[in-house]
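Asker: I'll drop the sequence and a predicted model, then ask my questions.
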Amino acid sequence: MTRDELLKALYDETLVGNAPQVLALTQEGLAQDLAPEELLFDALIPSLEEVGARFERGDFFVPEMLIAGKAMAGALEVLRPLLAETGVESVGTFVMGTVKGDVHDIGKNLVDIMLEGAGFRVIDLGVQVAPEKFVAAIEEHRPDIVGFSAFLTTTMPMFKANINALEKAGLRDQVIVMVGGAPVTQEYADAVGADGYASDASAAVARAKELLACRRAAAPA
Ligand code: B1M
């Protein structure tokens, strides 16, 4: 298989979520001396962007997005250490977690995968994350963005509790706060004082990049 054929196959197999083939092609690409960056930026990420575009157009639904994301995650497991070795700069650091009282994580994990696919370093704190744990993770990792997921109307108020905890710890100005989850709306995000909201994983990536670009443009030189 030529370089172009391999990249095209990797793109196509990611698009349809064929995890074993994506893994095999990633390994074959590395064996043929393709750089990890080529596999990532010339096949995997464009494919996941197309998955996101199809989802937004209504041509793909959550299951297709999930299997494509999982296939990509398998390839990323192989590429992640190699990318770290070659020193590819990450777009930014994102601390993520499902709020206290909430065990839903499928949507959060999908957001993680899409963020990683877009070049973010993601630190996932898991589910049922208490405000103190978010505070400790922000102090430790100094992320650009912290993301709170809530999937129940009863756990959405934890966004405000988390933001209050960041304020109390003197961290609120140092980190962008994004919120999301099935019952969350832009109005709710505004009401609790979050910086950004996204309705799905691909919108979360776009919003995260946008917020980061604004923050960096506003930072003193
Ligand atoms: Co539960 N559950 N559940 N559940 N569950 C819902 C959420 C519910 C809508 C079902 C319903 O009644 N129709 C309902 C919530 C109602 C409400 O409050 N509005 C509900 C309920 C009531 C409950 C329990 C209370 C049920 C009970 O015990 N009586 C209980 C609560 C447990 C708890 O958390 N304390 C419960 C439990 C569970 C399971 C454990 C069985 C399981 C979770 C498994 C798991 O996640 N590991 C489960 C499931 C599977 C669901 C449904 C069926 C599916 C959720 C899902 O994965 N969706 C769900 C019904 C539904 O959503 N239609 C439901 C697919 C996922 C890809 O989408 O999660 O929306 P989503 O994620 C999206 C966006 O939200 C966004 O991007 C994601 C990817 O595109 N997004 C972000 C997410 N986080 C983001 C962060 C961002 C930006 C975007 O920035 C930081």
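Answerer: Perfect, I can see it now.

Asker: A204 is in contact with L115, correct?
Answerer: Yes: between L115 and A204 there is a contact under Cβ atoms under 8 Å: 7.0 Å. Placement of C-beta: from N, CA and C, glycine included.

Asker: who has more neighbours, the two?
Answerer: Counted by other Cβ atoms under 10 Å, L115 and A204 do not tie: A204 has more neighbours, with 30 against 24.

Asker: Just the pLDDT at the closest residue to the more buried one other than its chain neighbours, thanks.
Answerer: Once flanking residues are discounted, A204 sits nearest to A198: 3.8 Å by Cβ to Cβ, 6 or more residues apart in numbering. You'll see A198 listed with a pLDDT of 98.

Asker: List the buried residues of the lengthiest helix in the chain.
Answerer: Secondary structure assigned by DSSP state H gives helix 62-86 as the longest helix of the chain. The neighbour-count check on helix 62-86 (16 or more other Cβ atoms under 10 Å) flags 64-69, 71-76, 78-79, 83 as buried.

Asker: and the ligand, which of these reach it?
Answerer: Among the buried residues of helix 62-86, not one lies near the ligand by Cβ under 6 Å from any ligand atom.

Asker: In the residues you listed, which has the lowest confidence score?
Answerer: L83 (70).

Asker: pretty sure that residue contacts L40?
Answerer: Yes: applying Cβ under 8 Å as the test, L83 and L40 come out as touching, 7.0 Å apart.

Asker: Now do the domain split for this protein, please.
Answerer: What automatic domain parsing lists as the domains of the chain is 3-86, 93-218.

Asker: Could you tell me the least trusted of those domains?
Answerer: Sorting the domains of the chain by mean pLDDT places domain 3-86 lowest, at a mean of 90.

Asker: For this structure, what lies in contact range of the ligand?
Answerer: Residues of the chain lying close to the ligand (Cβ under 6 Å from any ligand atom) are 62, 101-108, 110-111, 147-149, 151-154, 178-183, 198, 200-201, 204.

Asker: From these, list just the buried residues.
Answerer: Buried by 16+ other Cβ under 10 Å: 102, 104-105, 107-108, 110-111, 147-149, 151-152, 178-181, 198, 200-201, 204, out of the residues of the chain next to the ligand.

Asker: Restricted to strands, list those.
Answerer: When these are checked against strands (DSSP state E), the matches are G147, F148, S149, M178, V179, G180.

Asker: Please render these as a markdown table that adds distance to N18 to the earlier fields.
Answerer: Shown next, in a markdown table, are these (distance: Cβ to Cβ, whole Å):
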| residue | distance to N18 |
| --- | --- |
| G147 | 29 |
| F148 | 33 |
| S149 | 28 |
| M178 | 31 |
| V179 | 33 |
| G180 | 28 |
